[in-house]
Every structure is written in structure tokens, then in C-alpha cells.
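**Q** what follows is a predicted protein model with its sequence.
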Amino acid sequence: MHTHDAFRCPWCRGFEAYVQYHDKEWGVPVWEDGKQFEFLVLESAQAGLSWSTILKKREGYRDAFANFDYKIVAEFPEGYVLELLQNPAIIRNGAKIRSAIHNARLFMDVQAKHGSFVNYIWDFVGGQPIQNSWSELSQVPATTPVSDRLAKDLKQKGFKFLGSTVIYAHMQATGLVNDHLVGCFRHEQVRQLAQK
């Protein structure tokens, strides 16, 4: 079966980049801190918006946020924030932009304490992706007890724009949980990626 003929999770319909994101990235376990930070920036920017909106601006974010290099982002001066507020390639929300810079600093604090951000975040799922078996999109939760705990812990550390809903979306995106529907051709592929 060609992948263009395959059944896939219905949320990714609409434009080609969305389908490609679903087929190649969503749910794939992320074991690299830089990629974890990229998704934290994008997911927090999404708060109150659709993921498709963020996906269309992903390259704009990549350019504006130093290829998601958290060490550089952590040092962004206020003058650059004012430039970013005029940049149509990203979401021009001052609170979200400043929170990304603020979170970059805290991200490095977590690294210093846990050896890596990956060590910290994967510990919440016991180091292995949670494998779900949803058959309908309506069954997929917006939050879980794990995302509640993780969001609460991040909030206590001072992170901003990362509530439980945003964090669950982050967990889905970075493969801490496999929420591809069981009928989706990616469900089994992603499940097998968990055997690292």
C-alpha cells in the first residue's frame, strides 16, 4: 500500500505540510534536547491557536529563533523582542515571545540538574512511550494525569505558557505517547520506534 492511499489520523488533512508532519514527525520519540526545545517553543506559541497555523509559521520561527538554539534564545535582548513583534513570519504575541526566552533559560537549568532535558521529561513516562489504542479521534484526550503532573512540575520551575493541554500536545508530538489511531498506518510504525 502506498502511503498516499493509507488511512491516517483525520486531524492532519488540509495541506501537504500537515500530512508530511503527521507521516514523518508526529509521535516519533524525540531523544534530543534541541528538538525538545523546538517543540516547546512551537507548542507554547500554539496556545489558543491551531497547530496548522503554527506549522505554517515553523520556518519563520526557525529563522527568528536561531534554529531553536536554546543557548542563543536565552540571551535574546529586549531590543530583539521588539523586532520579533514586527515579524509576520511568527505569532506576534509579546507574552509568548518573552516566555520562549524565559523558558530557554529554565530549560538549561533543567539540563544542569538532570543531565539533559530528555532525561527529565522522559522520566515522567518511565523512559518508554505510552502506547494508546484509540480507534476514534473523539477518544483522544486533551490532557492526562501525566501531562497534569508534568505541567505542574514545569510551572513550579517557573516555565510559562505550558499548561497541561499544551504539554499533552507536546507529549504527543515528541513521542512520549503514541496517539496515532490504531487504524492509522503510522500507529504500528511509531510503536516499533519505541523499541530503542
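**A** Yep, it's here.
**Q** what's the mean pLDDT across the host helix or strand of L55?
**A** In the assignment (DSSP states H and E), L55 maps to helix 51-56. Confidence over helix 51-56 (mean pLDDT, whole number) is 94.
**Q** quick one: name whatever helix or strand follows that helix.
**A** Following helix 51-56 in sequence order, the next helix or strand is helix 58-64 (DSSP H and E).
**Q** contacts for that next one, please.
**A** Residues outside helix 58-64 that contact it (CB atoms under 8 Å, 6 or more residues apart in numbering): 38, 41-42, 45, 54, 68, 84, 87-90. For every residue, glycine as well, the C-beta is placed using N, CA and C.
**Q** now, these that are in helices?
**A** The members of these that map onto helices under DSSP state H are 38, 41-42, 45, 54, 84.
**Q** ranking those by neighbours, who comes first?
**A** Across these, the neighbour count under other CB atoms under 10 Å reaches its highest value at V41, namely 29 neighbours.
**Q** ok, that one touching F65?
**A** Yes - counting by CB atoms under 8 Å, V41 sits close enough to F65 to count as a contact (6.1 Å).
**Q** what is the neighbour count of S133?
**A** For S133, the neighbour count with other CB under 10 Å is 12.
**Q** phi, psi of the closest residue to it other than its chain neighbours?
**A** Of all residues not flanking S133 in the chain, V182 sits nearest, at 5.3 Å (CB to CB, 6 or more residues apart in numbering). In this entry, V182 is assigned phi and psi values of phi -60, psi -30 (degrees, to the nearest 10).
**Q** tell me who's in contact with V182.
**A** 133-135.
**Q** let me have those in JSON lines, extended by secondary structure, distance to Y120 and pLDDT.
**A** As requested, the contacts of V182 are arranged in JSON lines below (DSSP: H, G, I helix; E, B strand; the rest coil; distance: CB to CB, whole Å; pLDDT from 0 to 100):
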{"residue": "S133", "secondary structure": "coil", "distance to Y120": "27", "pLDDT": "97"}
{"residue": "W134", "secondary structure": "coil", "distance to Y120": "27", "pLDDT": "97"}
{"residue": "S135", "secondary structure": "coil", "distance to Y120": "32", "pLDDT": "96"}
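**Q** nearest to G94 among those residues?
**A** If you rank these by distance to G94 using CB to CB, W134 comes first, at 36.9 Å.
**Q** residues near that closest one, how many?
**A** Using other CB under 10 Å as the criterion, W134 is surrounded by 18 other residues.
**Q** for it, give me its contacts.
**A** In this structure, W134 makes contact with 140, 179, 181-182, judged by CB under 8 Å, 6+ apart.
**Q** so how far is N87 from it?
**A** W134 is 37 Å from N87, where distance means CB to CB, to the nearest Å.
**Q** one more: N103?
**A** 19 Å.
**Q** looking at the two, which has the bigger crowd around it?
**A** Between N103 and N87, counted using other CB under 10 Å, N103 has the larger neighbour count: 25 against 15.
**Q** state the distance from the more buried one to V110.
**A** Distance, N103 to V110, by CB to CB: 10 Å.
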